[in-house]
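I'd like to go over a predicted model; first the sequence, then the structure.
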Amino acid sequence: MTARLLPGAPAAEALLADASARAARLPAPPHLVMVRLGDDPASVSYVRGKDRKAREVGLTSTVYALPETTPQAELLDLIARLNADDSVNGILVQLPLPAHVSEQAVLHAIDPRKDVDGFHPLNVGELWAGRPALRPCTPAGILYLLDHYGIPVAGQRAVVVGRSHIVGRPLAGLLLNRDATVTVTHSRTIDLGAVTREADLLCVAVGQPHLITPEMVRPGATVIDVGINRVPGENGGKAHLTGDVDPEVARVAGAITPVPGGVGPMTIAQLLANTVAAAEMQAR
Ligand code: NDP
């Protein structure tokens, strides 16, 4: 048996088509502002990808590329100006930030109504209270992908591997809100395989290539591989991207997301959907 593949592109396209249609009904195109500090190649490439996609679907996008040495106070001033600017609907500060800037101070400073990353403590609290608010993009994108492919969530035993604020924790909250029975695991979990084998729905966000092997997966389970790991090619060959899940898992799983091309496209699509949702909220 080989698992059904769950590519992100068709689900992301459906989400973007919906976001784009909703954007067209607003008085002005939703405006996303992204701020990045420094020239970390991954951050440059992520912001460029989001900017390009935003324009493609009819949003307005502005990027502030600030020097790595920008003082925290200057960044907070910029955020305050963007908060006060009615022509700005969504604000995203690309993480990670340089060491001299407090991530917490920055995330707290963004107006929760413009917090399209869903990382402001107010939005985190609303998520765990099960109330509507802007949701973190990768976890919300995963829920959309599951729905797109008709994979049930309610009543399922879901195991989340990883407890980061960006993926693991909010994903656990969203699954709980959708009536899954949720277990969260992490680096201190004893006998990880015994826990993951319980899962109908196994979501892995760790950042370790091929941590999850076939014997850790219940036959027929749905496996969502969030990991994006750059690994060097064999014998000095070209580096490539691989997930946290061993591709051999496809022999036992019922359904599995590929890496690359699985969860990745959902994250950008959800960011733009969040920007449209923020603009809709602000227009009310
Ligand atoms: P973090 O490094 O912030 O968190 C990793 C988590 O994995 C931690 O909670 C850690 O546990 C846990 N962990 C580490 N080792 C083990 C282990 N051996 N067994 C069980 N749990 C373990 O990573 P992120 O959540 O930010 O990202 C995870 C992966 O997802 C990365 O590869 C990242 O590139 C990718 N990613 C992909 C996105 C996409 O759009 N597809 C978006 C965001 C991330 P502890 O808390 O105990 O340290």
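Done, it's in. Numbering: from 1, shown residues only.

Please report how far L92 lies from G254.
Noted for L92: a distance of 35 Å to G254, by C-beta to C-beta, to the nearest Å. (Glycine included, C-beta is placed from N, CA and C.)

let me fix that: A278
Shown here: A278 relative to G254, a distance of 36 Å by C-beta to C-beta.

neighbour-wise, which of those two wins?
The neighbour count for A278 versus G254, taken as other C-beta atoms under 10 Å, is higher for A278 (24 against 16).

The more buried one contacts L92, doesn't it?
No: A278 is beyond contact range of L92, at 10.7 Å (criterion: C-beta atoms under 8 Å).

What residue, apart from its backbone neighbours, is nearest A24 spatially?
Excluding the flanking residues, the one nearest A24 by C-beta to C-beta, 6 or more residues apart in numbering is G58, at 6.7 Å.

would that neighbour count as being in a strand?
No: membership of G58 in a strand is not supported by DSSP: H, G, I helix; E, B strand; the rest coil, which gives coil.

Select the longest helix from this structure.
When the chain is parsed with DSSP state H, its longest helix is helix 263-283.

mind checking how far P7 is from V259?
For P7, the distance to V259 - C-beta to C-beta - is 11 Å.

Now list whatever residues contact both of A278 and L92.
V116 (C-beta atoms under 8 Å, 6 or more residues apart in numbering).

What ranges does the stretch 1-150 of the chain have for its strands?
Taking DSSP state E, counting those that start in this stretch, the strands of the stretch 1-150 of the chain run over residues 4-5, 31-37, 60-66, 90-93.

tell me the most buried of the ones you listed?
strand 90-93 (a mean of 26; mean count of other C-beta atoms under 10 Å).

close to the ligand, is that one?
No: counting by C-beta under 6 Å from any ligand atom, the ligand has no neighbours in strand 90-93; the shortest distance is 13.2 Å.

mind showing which ranges of the stretch 101-250 of the chain have poor pLDDT?
The model of the stretch 101-250 of the chain has no residue with pLDDT under 70.

Apply 90 and report the result again.
Counting by pLDDT under 90, the stretch 101-250 of the chain has low-confidence residues at 232-239.

residues from it in reach of the ligand?
Proximity of the stretch 101-250 of the chain to the ligand (C-beta under 6 Å from any ligand atom) is limited to residues 138, 161-164, 166-168, 185-189, 192, 205-208, 211, 226-229.

So which of those residues are in helices?
Filtering these for helices - DSSP H - leaves 138, 168, 192.

Pipe these into JSON lines and attach distance to A3 and neighbour count per row.
Output for these, formatted as JSON lines (distance: C-beta to C-beta, whole Å; neighbours: other C-beta atoms under 10 Å):
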{"residue": "T138", "distance to A3": "21", "neighbour count": "24"}
{"residue": "G168", "distance to A3": "22", "neighbour count": "23"}
{"residue": "L192", "distance to A3": "20", "neighbour count": "17"}
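
So which of those is the closest to the ligand?
Set against the ligand, the nearest of those by C-beta to the nearest ligand atom is T138 (4.2 Å).
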